[in-house]
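Student: structure, please.
(2 chains)
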Protein chains: 2
Amino acid sequence: MNILFWGIGNMGLKIVNRLADAGHTLHAWDINKKNFNLLNKDIIQCQSKDEDTGVVYDAIISILPDDDACRDLAYNTEHLKKNVIWINLSTISVKLNDELTNFFSNGEKYISSPVMGRMDMAEKGLLDVYYGGKIETFNDLKEIYKVFSKKVWFCGEHHNSGLICKLAGNFLLNSAIESISEATSLAIKNNISENLFSEIMLSDVFDCPAYHLYFNLIKNRSFTPPGFRIRLGLKDINLICSAAEASYTTMPVAYLVKDRFIESIASGNEDLDESAISLCSFKHSGILK
Amino acid sequence: MNILFWGIGNMGLKIVNRLADAGHTLHAWDINKKNFNLLNKDIIQCQSKDEDTGVVYDAIISILPDDDACRDLAYNTEHLKKNVIWINLSTISVKLNDELTNFFSNGEKYISSPVMGRMDMAEKGLLDVYYGGKIETFNDLKEIYKVFSKKVWFCGEHHNSGLICKLAGNFLLNSAIESISEATSLAIKNNISENLFSEIMLSDVFDCPAYHLYFNLIKNRSFTPPGFRIRLGLKDINLICSAAEASYTTMPVAYLVKDRFIESIASGNEDLDESAISLCSFKHSGILK
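Tutor: So this is what the prediction gives:
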């Protein structure tokens, strides 16, 4: 397939390279060129977002950092006027997803299917894809998704189904970080070894990837290089709070966690890994100055 | 060994029967006799808390519902004056644990080692024991603990070490219930199937016993018979909040969860399983009337 790929951030880089390795013909674009030298050699680098390469694309795939970036490419390029399908892997707002679905032929040519997974999973092509949209389109696209994912979830026919699953999953991850931080604070303040406490918790009831990841990042204060930056974490928790408000769902823990992200950025920690919101608990409890 | 066992509640019943099956000689007492007919036939039932059976006990083991029950047996019986070791498996307050440790020969004859695990684990002898106290005593007692547990954790030499690990672990469980409730509410309000949402979450990042248990109980609204009653859950979250305050640890999620327990009891749900605090989220979001 001829694919135009938007967004060569750390996650996009892994996905686009896998698509090229799988034999697809790729054009790539990003406003930020920092990762372009890491692109697979067969990938053609576009010089501008609206560059006319003369190629008729079969699909546009994007993984972009936020609503603004998606909106810019949606409305300010010619590419999407050419009856091509846009597969959006970005985590964006429910509001923008409604808007884009409505704008692009009532969703037939626009699919929101955010991906879940950290960098090491993306590296190995083991992401999860959360698809929301028509089942026929899902069946058509499955083979593409499989190039970079271990599992493609059909979350429902509604265009927001995949997005909501992603946001709800992100919320569970964020709230696990907060809970681990508070529990670890209690342990530290009572002279329990952090190694022992995490070993006990991870040995059985919480023996799963999320708790292993966050317990270890927090225990080792291993916040840089970031797997997922606090700055982006704030964007995501804002999307969760907005989705909750839009559907009249009360999520008090989400708002509490949102304040942790805000406080972390206020402390100058915006480029640390999101598990560094644990430092808020540690500071409040006098463990850190 | 000659053992006097205090507390024949649902958990105590499983433990005392296993001790008898392992060949120990058991006397049992509880103010509530409802489970006495389920005791192993070799266990001798005491008629009063202070009954003089003429036996010199090697150990007293207790698993009691709260501080008051522990205090009553600690101070109002003759048994503990006879240089016997008291192995307390109950989850009690840090304050009472300090007091009892101080009262009983500075902790040499009193050991706080609360157990973790639901009924099905107790049934199979697969509890976790969180031991806090001298390492020599730990080595002496390990064989007894092994009769009813899969793992005995040495949490530290301080008398509160085991108790703090238990309380911090309970907090992680309670906060997981709350987070799952909020995430599930967001899914429901956006017409995502609860079965699908839990399947996605449990397939990988949260594939661990705690999340499987609570996702399933909540999804099936399976709150009775209770694995652990809301009434007892409030007691435990109060112990967590008190331990946090005593050590000057801030735990905002713990206080939020505490309010869920209070609201649940105010709604008449005190005898449901503690996972039924999820009904608060469902009500607040208009999913339930």
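Student: disregarding flanking residues, what is the spatial nearest neighbour of the residue of chain A found nearest chain B?
Tutor: Across chain A, the shortest distance to chain B (Cβ to the nearest Cβ) belongs to A:C208, at 3.5 Å. C-beta here means a position set from N, CA and C on the backbone, and glycine is covered the same way. With Cβ to Cβ, 6 or more residues apart in numbering or on different chains as the measure, B:C208 is the residue that lies nearest to A:C208, at 3.5 Å, once sequence neighbours are left out.
Student: where does chain A dip in pLDDT?
Tutor: Under the criterion pLDDT under 70, the flagged ranges of chain A are A:106-107.
Student: so which residues of it form strands?
Tutor: Residue ranges of the strands in chain A, as given by DSSP state E, are A:2-6, A:25-29, A:44-45, A:59-62, A:85-88, A:110-112, A:115-116, A:127-132, A:149-156.
Student: could these go into JSON lines alongside mean neighbour count and distance to chain B?
Tutor: Written out in JSON lines, the entries for the strands of chain A read as follows (neighbours: other Cβ atoms under 10 Å in any protein chain shown; distance: least, Cβ to the nearest Cβ, whole Å):
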{"stretch": "strand A:2-6", "mean neighbour count": "24", "distance to chain B": "25"}
{"stretch": "strand A:25-29", "mean neighbour count": "21", "distance to chain B": "28"}
{"stretch": "strand A:44-45", "mean neighbour count": "15", "distance to chain B": "34"}
{"stretch": "strand A:59-62", "mean neighbour count": "23", "distance to chain B": "22"}
{"stretch": "strand A:85-88", "mean neighbour count": "23", "distance to chain B": "18"}
{"stretch": "strand A:110-112", "mean neighbour count": "27", "distance to chain B": "13"}
{"stretch": "strand A:115-116", "mean neighbour count": "22", "distance to chain B": "8"}
{"stretch": "strand A:127-132", "mean neighbour count": "26", "distance to chain B": "7"}
{"stretch": "strand A:149-156", "mean neighbour count": "21", "distance to chain B": "6"}
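Student: redo those as JSON lines? Include distance to A:I200.
Tutor: Supplementary listing: the strands of chain A in JSON lines, determined by distance: least, Cβ to Cβ, whole Å:
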{"stretch": "strand A:2-6", "distance to A:I200": "45"}
{"stretch": "strand A:25-29", "distance to A:I200": "46"}
{"stretch": "strand A:44-45", "distance to A:I200": "50"}
{"stretch": "strand A:59-62", "distance to A:I200": "43"}
{"stretch": "strand A:85-88", "distance to A:I200": "42"}
{"stretch": "strand A:110-112", "distance to A:I200": "40"}
{"stretch": "strand A:115-116", "distance to A:I200": "28"}
{"stretch": "strand A:127-132", "distance to A:I200": "29"}
{"stretch": "strand A:149-156", "distance to A:I200": "30"}
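Student: what about the ones you listed, which gets the closest to B:A266?
Tutor: strand A:149-156 (35.4 Å; Cβ to Cβ).
Student: what separates the closest one from the chain centre, distance-wise?
Tutor: Chain-centre distance of strand A:149-156: 15 Å, with Cα atoms, centre = their mean, to the nearest Å.
Student: now swap in stretch A:88-101 and tell me
Tutor: 13 Å.
Student: now do the buried residues in it.
Tutor: Of the residues in stretch A:88-101, those scored as buried under the neighbour-count criterion (16 or more other Cβ atoms under 10 Å in any protein chain shown) are A:88-94, A:96-101.
Student: run through who's touching that stretch.
Tutor: The contact list for stretch A:88-101, computed with Cβ atoms under 8 Å, 6 or more residues apart in numbering or on different chains, reads A:7, A:15, A:61-67, A:69-71, A:74, A:107, A:110-115, A:129, A:159-160, A:163-164, A:166-167, A:170, A:236, A:239, A:242-243, A:246.
Student: mark which of the residues you listed are part of helices, please.
Tutor: In helices, defined here by DSSP state H, the members of the contacts of stretch A:88-101 are A:15, A:67, A:69-71, A:74, A:163-164, A:166-167, A:170, A:236, A:239, A:242-243, A:246.
Student: just the buried subset of those, written out for PyMOL, thanks.
Tutor: Selection command for PyMOL covering only the buried members of these, criterion 16+ other Cβ under 10 Å:
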select buried, chain A and resi 15+67+69+70+74+163+164+166+167+170+236+239+243
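Student: give me the subset of the ones in helices among the contacts of stretch A:88-101 that also touch chain B.
Tutor: When the ones in helices among the contacts of stretch A:88-101 are checked against chain B using Cβ under 8 Å from any Cβ of the partner chain, the ones in range are A:I164, A:L167, A:A243.
Student: got these as TSV, with distance to B:I43 columns?
Tutor: As requested, these are arranged in TSV below (distance: Cβ to Cβ, whole Å):
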residue	distance to B:I43
A:I164	54
A:L167	54
A:A243	56
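Student: closest to A:T224 among the residues you listed?
Tutor: The closest of these, once distances to A:T224 are taken by Cβ to Cβ, is A:L167, at 26.0 Å.
Student: in contact with that closest one, which residues?
Tutor: Listed by Cβ under 8 Å, 6+ apart, the contact partners of A:L167 are A:T91, A:V94, A:D236, A:L239, A:I240, A:A243, B:L186.
Student: repeat that with 7 Å
Tutor: The contact partners of A:L167, taken as Cβ atoms under 7 Å, 6 or more residues apart in numbering or on different chains, are A:L239, A:I240, A:A243.
Student: cool, A:A183 as well?
Tutor: Residues in contact with A:A183, defined by Cβ under 7 Å, 6+ apart, are B:A168, B:F171, B:L172.
Student: for it, which non-adjacent residue is closest in space?
Tutor: B:A168 (4.3 Å).
Student: burial of A:D50, as a residue count?
Tutor: Number of residues near A:D50 (other Cβ atoms under 10 Å in any protein chain shown) recorded here: 12.
Student: which one is it nearest to, not counting chain neighbours?
Tutor: Leaving aside its sequence neighbours, A:D50 sits nearest to A:T77 (Cβ to Cβ, 6+ apart; 4.7 Å).
Student: what do you get for A:F104?
Tutor: According to Cβ to Cβ, 6+ apart, the nearest residue to A:F104 is A:Y110 (3.8 Å).
Student: A:I61 too?
Tutor: Once flanking residues are discounted, A:I61 sits nearest to A:I87: 4.7 Å by Cβ to Cβ, 6+ apart.
Student: measure A:V253 to B:E178 for me?
Tutor: When Cβ to Cβ, to the nearest Å is the yardstick, A:V253 and B:E178 sit 6 Å from each other.
Student: list residues touching both of the two?
Tutor: The overlap between the contact sets of A:V253 and B:E178 (Cβ under 7 Å, 6+ apart) consists of B:L256.
Student: domains of chain A?
Tutor: According to automatic domain parsing, chain A is divided into the following domains: A:2-159, A:164-284.
Student: and these, which is most packed in?
Tutor: Neighbour counts averaged per stretch over the domains of chain A are highest for domain A:164-284, at a mean of 21; criterion: mean count of other Cβ atoms under 10 Å in any protein chain shown.
Student: what's the end-to-end length of that one?
Tutor: Its first and final residues considered, domain A:164-284 spans 32 Å by Cα to Cα, to the nearest Å.
Student: what of stretch A:46-54?
Tutor: Between the opening and closing residues of stretch A:46-54 lies a distance of 12 Å (Cα to Cα).
Student: can you tell me, leaving aside adjacent residues, what's nearest to A:L126?
Tutor: Nearest-residue entry for A:L126: A:K150, 4.3 Å, with adjacent residues in sequence omitted and distances by Cβ to Cβ, 6+ apart.
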